[in-house]
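Undergrad: no sequence for this one, just the structure:
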């Protein structure tokens, strides 16, 4: 299955949606990383925002290709990502994405794995209400454990 990606950025909601499917080659991942930086990270200039990473249908990639993705994840998290909702239907790909995030984001305290698009939307709706709440520091994930 050929790789495909799209990136949508809702600046008003401070929400980036990236969709990745198929098997990414090095060139595919480099294109995604460039597009992600330009369309998703740069517009926020370090301002807190959320990401919905929908990876349904994405296949695991060679470690050297995963490293490209990881470097972009690290850059994005150092530049304002306060929550990353991750959706995958492949257990190995989900584990690979979790490892990449941990390697490129100290303690990976912003990732929330979900099992459906609907669950992802619910998590985003809950967390978006606390986007500017200083009690949640760099991560909105703790919002989910609040009463």
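TA: Perfect, I can see it now. It should be emphasised that the depicted structure is a prediction, and the values quoted were computed from it without experimental measurement. Numbering: from 1, shown residues only.
Undergrad: Can you name the element that comes right after the longest helix along the chain?
TA: As assigned by DSSP state H, the longest helix anywhere in the chain is helix 63-78. Going down the chain from helix 63-78, the next helix or strand is strand 81-87, by DSSP states H and E.
Undergrad: quick one: contacts of that following strand?
TA: Here strand 81-87 makes contact (CB atoms under 8 Å, 6 or more residues apart in numbering) with 48-56, 73, 77, 94, 97-98, 101, 110-117, 120, 123-124, 127, 131, 136, 138-141. Glycine gets a C-beta too; all of them are placed from N, C-alpha and C.
Undergrad: Helix 63-78 and that strand, what's the angle between them?
TA: Orientation of strand 81-87 against helix 63-78 (axes from the mean of the first three to the mean of the last three CA atoms, to 10 degrees) gives an angle of 140 degrees.
Undergrad: what's the burial count for residue 90?
TA: 15 (other CB atoms under 10 Å).
Undergrad: hang on, the earlier thing: return the subset of the contacts of strand 81-87 lying in strands.
TA: Members of these lying in strands (criterion: DSSP state E): 49, 50, 51, 52, 53, 54, 111, 112, 113, 114.
Undergrad: Could you export those as JSON lines, including distance to residue 67 and pLDDT?
TA: JSON lines is the format used below for these (distance: CB to CB, whole Å; pLDDT from 0 to 100):
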{"residue": "49", "distance to residue 67": "24", "pLDDT": "96"}
{"residue": "50", "distance to residue 67": "24", "pLDDT": "97"}
{"residue": "51", "distance to residue 67": "19", "pLDDT": "97"}
{"residue": "52", "distance to residue 67": "23", "pLDDT": "98"}
{"residue": "53", "distance to residue 67": "17", "pLDDT": "97"}
{"residue": "54", "distance to residue 67": "22", "pLDDT": "97"}
{"residue": "111", "distance to residue 67": "18", "pLDDT": "90"}
{"residue": "112", "distance to residue 67": "23", "pLDDT": "93"}
{"residue": "113", "distance to residue 67": "21", "pLDDT": "93"}
{"residue": "114", "distance to residue 67": "25", "pLDDT": "96"}
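Undergrad: Mind checking which of those residues are buried?
TA: Buried members of the ones in strands among the contacts of strand 81-87, scored by 16 or more other CB atoms under 10 Å, are 49, 50, 51, 52, 53, 54, 111, 112, 114.
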